[in-house]
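Q: Sequence first, predicted model second:
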Amino acid sequence: MARIRPFRSRDAGAIVALSLRAWEPVFASLERVLGSEVFLRQHPDWREDQRRVVEEVLAEKGDRVWVAEADGGVVGFVAIELHHPERDMGETSILAVDPDHQGSGVGSALTDYALERLREAGMRVATVETGGDPGHAPARRTYEKAGYVKLPVTRYFKNL
């Protein structure tokens, strides 16, 4: 089982690399669902976009980021945000698990850990957002297993 610990700056390279591997099938799914023309307008270089997003999260929220370690390396990470402290609402803002460790409980462990950190911060409601496409199915299962209630939202895209 993975051990969860606070993020350290030297983890950044491993986190970016595992995130890109983890999200590759997600972006492939999005491209299949949206079609290449719409997908490429939104994500002309999804790898660069995701690298930048992850690096920004690590730089801005380092004290609210934790990593999962197993087999001597970083195999996942999670970050939280306290979006609405006045309403006691926090969010799991980003989570990724290396594909070689998906299905082994790392995502669930990170989700539970994030929920506990939100509770410790005084939050009474936790939110998380993920996609409805097939590529996000594992994430939806993890969040539903943790007790999140799904509120379907429909977003439409049309190529012009």
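A: Okay, I see it. Nothing here was measured: the structure is a model prediction, and the numbers come from that model.

Q: got a list of contacts for the longest helix seen in the chain?
A: Criterion DSSP state H: the longest helix present in the chain is helix 12-34. Contacts to helix 12-34, defined as CB atoms under 8 Å, 6 or more residues apart in numbering, come from residues 7, 39-40, 42-43, 46-47, 50-51, 54-55, 58, 67, 73-77, 96-99, 102, 131, 133-136, 157. (C-beta placed from N, C-alpha, C; glycine too.)

Q: Now which of these would you call buried?
A: Among the contacts of helix 12-34, those classed as buried by 16 or more other CB atoms under 10 Å are 7, 39, 43, 46, 50, 54, 58, 67, 74-77, 96-98, 102, 133, 135-136.

Q: Please narrow those residues to those residing in strands.
A: Per DSSP state E, strands hold the following members of those: 67, 74-77, 96-97.

Q: what's the nearest residue to the residue nearest the centre of the chain if we skip its chain neighbours?
A: Nearest to the geometric centre of the chain sits residue 95, at 2.4 Å (CA atoms, centre = their mean). The shortest distance from residue 95 to any non-neighbouring residue, by CB to CB, 6 or more residues apart in numbering, is to residue 78 (4.5 Å).

Q: which ones are touching residue 108?
A: Contacts of residue 108 (CB under 8 Å, 6+ apart): 142, 145-146.

Q: quick one: which of those residues has the most company?
A: residue 142 (23 neighbours; other CB atoms under 10 Å).

Q: any idea of the angle the helix or strand hosting it forms with helix 12-34?
A: For residue 142, the host element (DSSP states H and E) is helix 137-145. Relative orientation of helix 137-145 versus helix 12-34 (axes from the mean of the first three to the mean of the last three CA atoms, to 10 degrees): 100 degrees.

Q: Output the below-cut-off pLDDT ranges for the protein.
A: For the chain, residues meeting the criterion pLDDT under 70 lie at 85.

Q: repeat that with 80
A: Applying pLDDT under 80 to the chain flags the ranges 1, 62, 83-86.

Q: quick check, residue 156 in a strand?
A: No - in this structure, residue 156 is coil, not part of a strand, as judged by DSSP: H, G, I helix; E, B strand; the rest coil.

Q: Tell me how far it lies from residue 38.
A: For residue 156, the distance to residue 38 (CB to CB, to the nearest Å) stands at 11 Å.

Q: more crowded one of those two?
A: Neighbour tally, residue 156 and residue 38, criterion other CB under 10 Å: the higher count belongs to residue 38, 16 against 4.
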